[in-house]
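> missing the sequence, but the structure's below:
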């Protein structure tokens with residue numbers, strides 16, 4: 001019953017918003033705008049009848065006014081306001097719940113206080129930057145001055161204007177709508193930062209806490225220690241797991257990118273029979289998840305004696321990544337003008353020379369993106385290694401240690417799943433070490449990755 005009442009309330013509020021938006025647009029078309037117009041537009045029926053009787057202040061056709069009430073325009077307005085209202089509810093309900101709970105919870109009170117202080121601090125800095133910008137002052141110094149409470153305003157208020165800005169334009173910075181929008185922007189940015197940063201800090205704290213069976217209830221330990229890292233390197237095969245995973249990732253990155261780039265180049269630059277059928281087949285293969293072929297993969301690995309050999313997993317990783325990445329690279333290469341190929345051929349260049357000296361340098365962004373994606377794939381994949389590396393390789397001795405063929409995903413999962421080897425701090429410490437090579441790659445190739453994300457998404 002409660003859900004029904006909530007649905008009715010939602011529809012009533014949505015109806016009022018749609019009515020207000022439609023009537024306000026109707027009045028604006030006739031030349032009436034302002035807060036009073038919005039307030040009258042909120043009143044069902046009255047707003048429409050009131051502005052319908054008023055004489056139009058602008059030259060406008062009756063059909064243009066009637067178009068505002070068409071099914072097409074009303075449908076778009078309902079969808080827009082319905083989505084915005086739903087988003088508002090999604091944001092406000094958790095926030096209201098936190099505010100209510102914080103009344104009797106000192107921790108939540110502290111967190112909310114810190115949160116509001118941070119927002120106020122950011123709003124002050126943003127307002128000072130906008131204020132100084134109106135007067136013609138920009139740059140790093142303005143941002144730093146805005147970090148000083150109150151003084152930033154005083155400093156730039158006493159500064160002469162470098163730009164011919166009116167007083168009205170400067171006052172616009174402090175108007176309520178601008179301040180309110182600035183508040184919501186910084187509140188969202190702060191909330192996202194907290195959601196991202198707090199789990200990272202918690203993982204760091206868990207890694208230095210040396211906790212085995214209990215999940216820590218505090219973000220940072222009272223007495224940090226490196227015991228979990230010592231346990232990883234001295235009492236487990238973590239180094240072997242790391243090297244197994246790193247070798248698979250490197251094979252994927254280099255061999256996989258090379259094979260996929262060659263195939264994509266052929267599909268993008270050559271015409272041959274079966275080209276469209278081949279592309280379509282590859283596209284269809286992409287629709288099927290890899291776990292559907294687990295039994296087939298197991299049988300093939302068993303028949304060829306590849307069970308228990310971690311580096312052989314690269315065959316599956318590379319094969320599974322071909323459809324999506326081939327289409328991605330092919331889409332990028334198709335955008336490179338074929339006139340470059342023809343000009344190079346006139347100058348005596350072979351197809352191989354064109355590929356190496358012309359195509360590859362131009363395709364660096366997309367190749368970097370694909371290579372990093374291929375490198376990331378094996379690091380925390382548990383499904384394939386957990387299924388194919390739980391068997392000893394062919395011809396292994398009876399005392400063979402099966403843990404030495406594991407990857408990081410299998411070994412780290414053991415720390416949180418196996419009652420005998422449970423060690424939460426070791427899991428967190430291992431997770432931090434897993435992130436090191438990926439972080440380095442992202443930092444080194446950041447510029448190319450940003451270009452590569454959008455590279456193959458336009459044409460092909």
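In hand now; what should we look at? What you see is a predicted model; the values in this text were computed from it and never measured.

> which ones are touching the nearest residue to residue 215 once chain neighbours are set aside?
Closest residue to residue 215 apart from its sequence neighbours, by C-beta to C-beta, 6 or more residues apart in numbering: residue 424 at 6.1 Å. No exception for glycine: its C-beta is placed from N, CA and C like everyone else's. Neighbouring residues of residue 424 by C-beta atoms under 8 Å, 6 or more residues apart in numbering: 206, 211, 212, 213, 214, 215, 216, 415, 416.

> which of the residues you listed fall in helices?
Members of those lying in helices (criterion: DSSP state H): 206, 415, 416.

> could I get those residues as TSV with pLDDT?
Listed next are the ones in helices among the contacts of residue 424 as TSV, based on pLDDT from 0 to 100:
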residue	pLDDT
206	89
415	89
416	87
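
> of those, keep whichever come out buried.
Neighbour counting with 16 or more other C-beta atoms under 10 Å marks 206, 415 as buried within those.

> in JSON lines: the ones in helices among the contacts of residue 424, plus distance to residue 220.
Output for the ones in helices among the contacts of residue 424, formatted as JSON lines (distance: C-beta to C-beta, whole Å):
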{"residue": "206", "distance to residue 220": "9"}
{"residue": "415", "distance to residue 220": "20"}
{"residue": "416", "distance to residue 220": "20"}
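
> other residues contacting stretch 152-170?
Defining contact as C-beta under 8 Å, 6+ apart, one finds that stretch 152-170 is touched by 124-125, 127-128, 131-132, 134-137, 142, 145-146, 148.

> identify, from these, the entry nearest to residue 409.
Nearest to residue 409 out of those is residue 125 (C-beta to C-beta; 42.6 Å).

> for that closest one, give me phi and psi.
With angles defined as degrees, to the nearest 10, residue 125 sits at phi -60, psi -40.

> how about it, what does it touch?
Contacts for residue 125 were tallied using C-beta under 8 Å, 6+ apart; they are 143, 146, 147, 152.

> by neighbours, which of those wins?
Each of the contacts of residue 125 was scored for neighbours by other C-beta atoms under 10 Å, and residue 146 scores highest at 24 neighbours.

> now do that residue against residue 77, distance only.
Relative to residue 77, residue 146 is positioned 39 Å away (C-beta to C-beta, to the nearest Å).

> try residue 222
Distance, residue 222 to residue 77, using C-beta to C-beta: 56 Å.

> tally up the residues packed near residue 72, please.
By other C-beta under 10 Å, 8 other residues sit near residue 72.

> find the helix or strand that it is a member of.
Element membership for residue 72, per DSSP states H and E: helix 71-101.

> residue 117 too?
helix 106-134.

> chain center to the helix or strand following that helix, what's the gap?
As assigned by DSSP H and E, the chain's next helix or strand after helix 106-134 is helix 140-146. Computed by C-alpha atoms, centre = their mean, to the nearest Å, the chain-centroid distance of helix 140-146 equals 29 Å.
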